[in-house]
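Engineer: Need a 3D model of the sequence below.
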Amino acid sequence: MKIAISGKGGVGKTTIMALLAEEFKKSGKDVMVIDADPSPHMAETLGVEHPEEIRPIAEMTKLLVERSGKTEGSPMYNMNPEVNDLLEKFMLSHNGMKLMVLGAIQNGDQGCACPENNVLRRMLTKLLLTKDQVVLLDMEAGVEHLGRGTIAGIDHLLIVVIPSKSSIRTALKVKKLAEDVRIPQISFVGNLIDDDDDKLFLEKGLGVRPVAFFPNSQAIRKAERQEIPIHTLERAADEAPYVLMQALIK
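Structural biologist: Alright, predicted model coming up:
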């Protein structure tokens with residue numbers, strides 16, 4: 001199963017993805033998490049020690065250019081660079097899960113078809129096509145990634161939304177773009193929910209009921225401030241991670 005998560009900045013998508021990863025792991029799945037946010041912090045959320053030592057693939061500029069086959073001064077590069085060995089080289093195993101951090105592309109003068117983007121997209125496609133594991137992809141906030149095709153091939157897109165009009169507007173825009181690129185399954189996930197009024201507000205604004213609602217949890221906020229791994233918290237999100245996993249399985 002190949003699942004990506006998106007939403008407006010600050011809605012808690014990384015936290016929800018980390019909780020979902022833990023739930024899948026507890027169910028016996030082989031879980032791989034890919035942090036594709038330009039400001040990655042999935043490693044901290046999962047409790048990886050010394051996350052600052054993780055070097056994202058996007059920083060390996062020389063290696064990526066070599067793999068793309070591009071030579072200095074030439075506009076041409078290989079459309080199908082070999083990346084198989086990179087899949088293992090840049091994976092980190094932690095707490096029974098695998099983590100890969102893609103990082104940010106910083107070469108603005110190379111246009112949208114730069115060697116870095118090409119190799120990263122190729123690598124991501126290979127990972128998302130793996131059949132015997134759950135692949136969870138934490139995307140950057142907003143809608144830009146949908147225009148670049150970096151989540152092509154996923155089975156399900158989760159759009160995290162909180163009880164605010166601006167969050168609902170962004171969520172609906174993400175849904176429209178996801179439909180345009182023909183993502184098979186698209187679901188909303190409510191977060192920072194205090195009561196039934198919040199649930200009804202989201203359902204009315206979105207035109208459909210989210211598949212799961214995550215509570216407005218003081219425990220989760222404190223854990224983030226104190227850099228406590230999310231998996232060490234006991235039922236901080238109630239049954240929401242399990243409910244979400246079951247919705248995805250169905």
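Engineer: State the three-state secondary structure for V160.
Structural biologist: In three-state terms, and counting by DSSP: H, G, I helix; E, B strand; the rest coil, V160 is strand.
Engineer: again, but for I186
Structural biologist: Three states are possible here, and by three-state DSSP the one that applies to I186 is strand.
Engineer: Please look at it and E179 and confirm they touch.
Structural biologist: Yes: in terms of C-beta atoms under 8 Å, I186 counts as a neighbour of E179; the distance is 6.9 Å. Using the backbone N, CA and C atoms, a C-beta is placed for each residue, glycine as well.
Engineer: Looking at the two, which one has more neighbours?
Structural biologist: For the pair I186 and E179, the greater number of neighbours falls to I186 (16 against 12), based on other C-beta atoms under 10 Å.
Engineer: And the more buried one, how far from R55?
Structural biologist: The span separating I186 from R55 equals 33 Å under the rule C-beta to C-beta, to the nearest Å.
Engineer: In three-state terms, label the closest residue to N216 other than its chain neighbours for me.
Structural biologist: Here the nearest residue to N216 in space, its sequence neighbours aside, is L192; by C-beta to C-beta, 6 or more residues apart in numbering that works out to 4.5 Å. Secondary structure, three-state DSSP: L192 is strand.
Engineer: what's around L192, how many residues?
Structural biologist: The burial count assigned to L192 is 21, neighbours taken as other C-beta under 10 Å.
Engineer: Now do the same for it: its pLDDT.
Structural biologist: The per-residue pLDDT reported for L192 equals 96.
Engineer: now do M17
Structural biologist: In the prediction, the pLDDT value recorded for M17 is 93.
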